[in-house]
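Peer 1: sequence and predicted structure, then a few things I'm wondering about:
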Amino acid sequence: MSKPIQIITLIIAAQLLASGQGSPPTSSSGMARLLVTHADVPTYPPLCRAAQIDGVVEVDVTVKEGTVTATEVKSGPKLLIAATTENIKTWRFDSQATGAFVVRFVYELKGAAINEIDNPTIELKLPGLVRITATPYHTTPTP
């Protein structure tokens, strides 16, 4: 890489870091930054949508050599925990990544209940935040 391009790259990186953007979280142990390289799309459990269960699930996650090796739920509605931990176990990091962090899955229901399931809106700020917003639905059609 030529000198001018290196300098421009460093300036842009410094601006992003100063603005709080472009900086993935560090692990809780102060180890190298943990950058997610793969994650399955999270879902809102249909049963929870029908029962209008929402809330926040917080999970301690341990990563060793790029793979999630442990999850420990800190808090959250019991019916949302399985979907959360199953999704986290699909995450992959750089093969050198080792550390621990906390992730928050925010499950939100908005709008009036509908008769059919539609796709939720997913916001990913990995590895620290996953927000899933869905419309509740009826398990039986309303008259």
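Peer 2: Thanks, I have the structure now.

Peer 1: all the helices of this protein, in order from the start?
Peer 2: Counting by DSSP state H, the chain has helices at residues 3-19, 46-50, 78-88.

Peer 1: end-to-end on stretch 132-139?
Peer 2: Taking C-alpha to C-alpha, to the nearest Å, stretch 132-139 runs 20 Å from one end to the other.

Peer 1: would you mark the buried spots in that stretch?
Peer 2: Buried residues in stretch 132-139, counted by 16 or more other C-beta atoms under 10 Å: I132, T133, A134, T135, P136, Y137. Heads up, the C-betas are built off the backbone N, CA and C, glycines and all.

Peer 1: stretch 44-54 now?
Peer 2: Neighbour-count burial for stretch 44-54 flags Y44, P45, C48, R49, I53, D54 (criterion: 16+ other C-beta under 10 Å).

Peer 1: stretch 55-62 too?
Peer 2: Residues G55, V57, V59, V61, T62 are the ones in stretch 55-62 that count as buried (16+ other C-beta under 10 Å).
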